[in-house]
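Enquirer: pasting the sequence and the predicted model now:
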Amino acid sequence: GGSLRWGRPAGTTTVNVANNLIGSGILSLPFALSQTSVGAGSLLMVVVAALSTYTMQLQCRSCDRCGTFDYRRVADEALGRACGTAVELVMALYTLGTCMSYSVLVGDFFTRIAEFACTGSPGSHACAFFESRPNAVFVLGAAVLLPVSSLRELSALRYTSLVALVTVLYTVGVVVYKYLFSWDGNRLVIEPHTAPDVRWWVPEEGGVFVSLALMGVAFNCHYNIPRYYRELGPRQRHRMAPSFTCGVGIALLLYLIIAAGGYLTFGGQTLPDVLSDYGTDDLLATLARGALGVTLLFSYPLVFNKLRFSIHSLLFPGRDVTLRAVAAYALVLNPLVFAVGAYVTDLSVVLSFNGALNGTLICYIIPAALYLRLDGFDPRKEGVWFLARLPLWCILAGLVLMVLGTKEAICKHADVFGITTATPGGFC
């Protein structure tokens, strides 16, 4: 009884929120900065972090009003069962997109690791096999991702969050080191390698909303917020706001450092996965790829578990997931995820669309809409003062970001969709 009343320490919740946020999205943030500028991009990142923290708190207030930590039930009570089903569907699509981004990074990391390992024997059959992206993704998928995503109990993976944090800190350190330092004979020299085409203040035209979509993914762990809130326990829940704020603040600090370090180093040539900017013969970058790659392989089931739960909840509401169902979901869903990782080589394709479409719904629109409904929002009774409702502006901001972010994502990848960008008055 005592542990249930006290719950987990607020510091543990802070670490959980930071760990949940710092995923595959961190590697795309230097590219997000390259789509705007150093100053404007950093300011946008702070704004997105603040909005994300605010909507996390709206989720918790909605849970309090409904007396449940099941967000689908909150949506059911606020707007009806159809809305609850729609919320679960969005959660499923978002976690599916996150699994796909993990698969893309597995392809990025392990093909480059194979190139590094095969430097001395480029003609061998094994090297040629693993340097092929589809081969690397499907083999690692079948050998590692498929078995671990078939686990029903994830307690064996409880240490992955600590390992993930260590590997992220190492990766941030590599990016900063590569920007700031050079090796001059037998000593380190502070010598910043600033690219000549870095934009300091004026954003690049047509890139702001793609950047916002990528940042939205980086600051989105809302599908787990009700669980973290429940774990605080009744006597700790008053610490919800500072716990979540500190968790987001830790992520924001690391994001700003790696985004600035990567973009300042490579400027307009920054790739959607910043580690891909470093050569395959770079030992420090290869170690970062290996560490992050192994972490992704064993963090994957944590995200896949949420995807499996959402899909099962949509198909069989109120029924437990059986062992047969666990295996069936793994066998049906994973080949789709692996195919994306094998043939999509641009991480921003997955992250920008997932952020613009699903991320904005989960992060801004749904939490604000449910809270307004539960709080008795009625513009006719409130008169002009309804405009002072901050959740209303969150919804409007989310809708703008969804529409313009999706449009810019399509135009940034126009060649994929066969769209001509040079046509006057055209879509792009």
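Expert: All right, it came through fine.
Enquirer: helix, strand or coil: sort out L188 for me.
Expert: Under the three-state scheme (DSSP: H, G, I helix; E, B strand; the rest coil), L188 adopts strand.
Enquirer: not counting sequence-adjacent ones, nearest residue to it?
Expert: Using C-beta to C-beta, 6 or more residues apart in numbering and skipping the chain neighbours, the partner closest in space to L188 is F181 (5.1 Å). Any C-beta I mention is one placed from the backbone N, CA and C, and that applies to glycine too.
Enquirer: endpoints of stretch 355-372, how far apart?
Expert: For stretch 355-372, the first-to-last residue distance is 23 Å (C-alpha to C-alpha, to the nearest Å).
Enquirer: and it, how far out from the chain middle?
Expert: 15 Å (C-alpha atoms, centre = their mean, to the nearest Å).
Enquirer: and stretch 162-173, by the same measure?
Expert: 16 Å.
Enquirer: equivalent analysis for stretch 342-359, please.
Expert: Counting by C-alpha atoms, centre = their mean, stretch 342-359 comes out at 10 Å from the chain centroid.
Enquirer: re earlier: mind listing the residues bridging to the residue nearest to L188?
Expert: Listed by DSSP bridges, the beta-bridge partners for F181 are I190.
Enquirer: ok, it touching I190?
Expert: Yes. Contact between F181 and I190 holds when scored by C-beta atoms under 8 Å: they sit 6.2 Å apart.
Enquirer: between those two, which is the more surrounded one?
Expert: F181 (14 against 7; other C-beta atoms under 10 Å).
Enquirer: and P391, which helix or strand is it part of?
Expert: For P391, the host element (DSSP states H and E) is helix 390-412.
Enquirer: which other helices and strands contact that helix?
Expert: If contacts are counted by 3 or more C-beta pairs under 8 Å, 6 or more residues apart in numbering; DSSP states H and E, helix 390-412 sits against helix 38-66, helix 208-218, helix 347-353, helix 360, helix 366-374.
Enquirer: and that helix, average pLDDT?
Expert: If you average the pLDDT over helix 390-412, you get 89.
Enquirer: next, the buried residues of it.
Expert: For helix 390-412, a neighbour-count test (16 or more other C-beta atoms under 10 Å) marks 391-392, 394-395, 397-398, 401-402, 404-412 as buried.
Enquirer: can you give me the neighbour number for D70?
Expert: Neighbour tally, D70, other C-beta under 10 Å: 15.
Enquirer: residues contacting H193?
Expert: K178, Y179, S182, L264, T265 (C-beta atoms under 8 Å, 6 or more residues apart in numbering).
Enquirer: can you read off the pLDDT for it?
Expert: You'll see H193 listed with a pLDDT of 88.
Enquirer: is it part of a helix or strand, or is it coil?
Expert: On the basis of three-state DSSP, H193 is classed as coil.
Enquirer: any idea how far it is from Y177?
Expert: 11 Å (C-beta to C-beta, to the nearest Å).
Enquirer: coming back round to it: buried deepest among the helices and strands packed on helix 390-412, which one?
Expert: Of all the helices and strands packed on helix 390-412, helix 208-218 carries the top mean neighbour count, a mean of 28, counting by mean count of other C-beta atoms under 10 Å.
Enquirer: can you show me the strands along the stretch 51-200 of the chain?
Expert: 181-184, 187-190 (DSSP state E, counting those that start in this stretch).
Enquirer: export those to CSV and tack on mean pLDDT and distance to L347?
Expert: As requested, the strands of the stretch 51-200 of the chain are arranged in CSV below (pLDDT from 0 to 100; distance: least, C-beta to C-beta, whole Å):
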stretch, mean pLDDT, distance to L347
strand 181-184, 82, 27
strand 187-190, 84, 31
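Enquirer: most tightly surrounded among the ones you listed?
Expert: When those are scored by mean count of other C-beta under 10 Å, the highest mean neighbour count falls to strand 181-184 (a mean of 11).
Enquirer: what sits up against it?
Expert: With C-beta under 8 Å, 6+ apart as the test, strand 181-184 has contacts from L188, V189, I190, E191, H193.
Enquirer: do the same with stretch 254-262
Expert: Against stretch 254-262 from outside (C-beta under 8 Å, 6+ apart): 22, 26-27, 29-33, 38, 41-42, 45, 168-169, 171-172, 175-176, 178-180, 218, 270, 274, 277.
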